[in-house]
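> A predicted structure for the sequence below; I have some questions about it.
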Amino acid sequence: MKKIFLTILMLATLILSGCGGQAKDEPKNELQPEVQADTSSAQDVKGDLKISMLNVGQGDAILIQTGKQTVLIDTSDTDERELLVKELEKLSVTKIDKLILTHPHADHIGSAKVLINPSKKELTTNPYLEKISVAEVYDNGIASTSPLYKSYMKAIDAKGITHQSLKVGDTLDFGNSVKFNVLYPTPELVSAVNGGQKSDPNNESVVGKLTYKKFSMMFTGDAEKEVEAALLANNKTKDLKCDVLKSGHHGSYTASTKDFVAAVNPSYVLISCGPDEERRNTYGHPHLEPLENYLAQGIDAENIFCTRWNGTITITSDGKSFSVQPETKEDWVNKWIKKKKKDKAK
């Protein structure tokens with residue numbers, strides 16, 4: 001009887017040891033992604049990484065929570081301010097440790113000033129703003145004549161907030177081993193544009209790779225094909241490889257070239273754009289070409305998410321695996337491609 005008991009105990013131990021952790025022969029950089037619908041309005045980070053592409057219409061606003069810091073990359077458009085504040089309130093955000101503004105277009109910096117130093121009128125419209133504080137602001141270091149750029153710079157001065165510029169080679173620590181390595185812009189570009197050289201602000205965007213142990217995500221701002229070519233020329237392919245790609249320029253045909261998508265080789269793609277309403281998606285994003293490039297790279301249509309159809313999209317990771325949680329699960333990619341092809345044939 002004792003021998004039988006020991007035999008059963010040894011078998012149980014072997015079975016249990018085989019169910020936990022990562023197999024020895026499993027590739028080290030391969031994560032085990034999981035897609036599920038988001039059923040909660042605000043989830044606790046509890047030390048793990050949480051990235052939320054907020055549903056803010058046409059613009060960009062991506063929230064990163066590490067359990068140590070809360071980081072916001074871009075602030076959506078002025079027209080979508082109430083949406084942004086609602087999303088931040090839903091996630092119980094009160095302190096933004098780092099606000100990163102990729103470039104000075106309105107759909108990226110439109111709400112920066114009101115987050116930093118809201119007026120009495122703005123507080124009346126969005127009272128939750130009174131609970132939000134911003135500790136540090138980062139941008140590309142390129143001066144702009146944009147009134148929105150001037151307004152947030154004035155707000156930074158008024159509040160005495162730390163302001164720094166980002167360039168290739170810089171690394172930001174987001175806490176809990178989460179790093180953000182800046183891949184663009186170059187010091188030469190910043191110097192040239194500040195010296196009077198004409199440039200498209202999209203191609204001045206802060207581009208960076210976020211890493212958390214084995215998980216990684218590429219943040220592209222509105223960087224277009226020109227920047228993607230520079231990234232390919234100046235980086236090893238392994239340094240561009242990421243699990244998730246934030247689609248450049250809201251899924252525009254001006255970005256996401258075949259070569260760049262191949263180098264990043266993501267399992268998932270996230271797109272931020274608005275619905276077909278006046279001023280909320282003037283350019284009809286996402287475009288056909290990027291979607292076809294994603295599919296040609298082998299990315300499953302079910303792994304391409306867009307705020308337009310999926311609402312806020314949330315990624316959580318413990319550094320070993322990650323999950324992608326759309327607010328609304330909708331199979332839109334193939335339908336949208338079919339529509340775009342039909343429109344193109346007209």
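Nice, thanks for sending it over.

> from here on, contacts and neighbour counts on C-alpha atoms
OK.

> tell me the phi and psi of residue 343?
Note on residue 343: backbone dihedrals following degrees, to the nearest 10 are phi -60, psi -40.

> can you check residue 183 too?
phi -110, psi -10.

> so how many other residues sit close to it?
Residue 183: 25 surrounding residues under other Cα atoms under 10 Å.

> give me every residue that touches it.
167-170, 206-209, 231 (Cα atoms under 8 Å, 6 or more residues apart in numbering).

> Return the members of the residues you listed classed as buried.
Neighbour counting over the contacts of residue 183 (16 or more other Cα atoms under 10 Å) leaves 167-168, 206-209, 231 as the buried ones.

> quick one, strands of the stretch 101-250 of the chain?
Along the stretch 101-250 of the chain, counting by DSSP state E, counting those that start in this stretch, strands occupy 133-139, 162-165, 171-175, 178-184, 207-212, 215-219, 244-246.

> What mean pLDDT does the fourth one get?
In this case it means strand 178-184. Here strand 178-184 scores 98 as its mean pLDDT.

> what does the fifth one give?
Model confidence over strand 207-212 averages 98 on the pLDDT scale.

> the inter-axis angle of that strand versus strand 178-184?
160 degrees (axes from the mean of the first three to the mean of the last three Cα atoms, to 10 degrees).

> Strand 207-212 pairs with which strands, parallel or anti?
With DSSP bridges as the test, strand 207-212 is paired with strand 178-184 (antiparallel), strand 215-219 (antiparallel).

> Please apply the same query to the shortest one.
Strand pairing for strand 244-246, determined by DSSP bridges: strand 215-219 (parallel), strand 268-271 (parallel).

> Residue ranges in this structure under the pLDDT threshold?
1-47, 277-279, 281 (pLDDT under 70).

> could you show me where the helices are in it, in order?
Using DSSP state H, the helices of the chain run over residues 2-19, 81-90, 106-109, 112-116, 120-125, 147-159, 187-194, 225-234, 237-240, 258-264, 288-296, 307-310, 333-345.

> re the thing from before, closest to residue 272 out of the strands paired with strand 207-212?
strand 215-219 (11.9 Å; Cα to Cα).

> Export the closest one to PDB, keeping only CA atoms.
Written as PDB, here are the backbone C-alpha positions of strand 215-219 (Å, rounded to 0.1, in the frame of the first residue of the first chain):
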ATOM      1  CA  PHE A 215       7.100  41.800 -23.800                       C
ATOM      2  CA  SER A 216       7.600  44.700 -26.200                       C
ATOM      3  CA  MET A 217       5.500  47.300 -28.100                       C
ATOM      4  CA  MET A 218       6.400  49.800 -30.800                       C
ATOM      5  CA  PHE A 219       5.000  53.400 -30.400                       C
END
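
> picking up where we left off before, can I get the helices of the chain in TSV including distance to residue 179?
What follows is the helices of the chain, written out as TSV (distance: least, Cα to Cα, whole Å):
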stretch	distance to residue 179
helix 2-19	30
helix 81-90	22
helix 106-109	22
helix 112-116	23
helix 120-125	33
helix 147-159	24
helix 187-194	21
helix 225-234	19
helix 237-240	14
helix 258-264	18
helix 288-296	26
helix 307-310	25
helix 333-345	31
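
> Just list whatever residues bridge to residue 315.
Residues in beta-bridge contact with residue 315 (DSSP bridges): residue 51, residue 324.

> what's the burial count for it?
19.

> Repeat that for residue 187.
For residue 187, using other Cα under 10 Å, the count is 14.

> Return the residues in contact with it.
167-168.

> Hmm, residue 185 and residue 169 touching each other?
No. Between residue 169 and residue 185 there is no contact under Cα atoms under 8 Å: 9.5 Å.

> If you tally nearby residues, what's the number for residue 188?
Count around residue 188 with other Cα under 10 Å applied: 10.

> Quick check: it vs residue 227, distance?
Residue 188 sits at a distance of 14 Å from residue 227 (criterion: Cα to Cα, to the nearest Å).

> For residue 86, find the nearest of the strands paired with strand 207-212.
Closest of those to residue 86 is strand 215-219, at 23.2 Å (criterion: Cα to Cα).

> what's in contact with that closest one?
By Cα under 8 Å, 6+ apart, strand 215-219 touches 31, 207-211, 240, 242-246, 264, 317, 319-322.

> and the strands paired with strand 207-212, which is most packed in?
strand 215-219 (a mean of 24; mean count of other Cα atoms under 10 Å).

> and residue 123, how many neighbours?
A count of neighbours around residue 123, defined by other Cα under 10 Å, yields 14.

> ok, it - contacts?
129-130.

> and the gap between it and residue 81?
Relative to residue 81, and taking Cα to Cα, residue 123 is found at 12 Å.

> ditto for residue 88
11 Å.

> In CSV: the strands of the stretch 101-250 of the chain, plus distance to residue 111.
CSV is the format used below for those (distance: least, Cα to Cα, whole Å):
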stretch, distance to residue 111
strand 133-139, 13
strand 162-165, 17
strand 171-175, 22
strand 178-184, 23
strand 207-212, 20
strand 215-219, 19
strand 244-246, 20
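
> Looking at those, which is nearest to residue 59?
strand 244-246 (12.9 Å).
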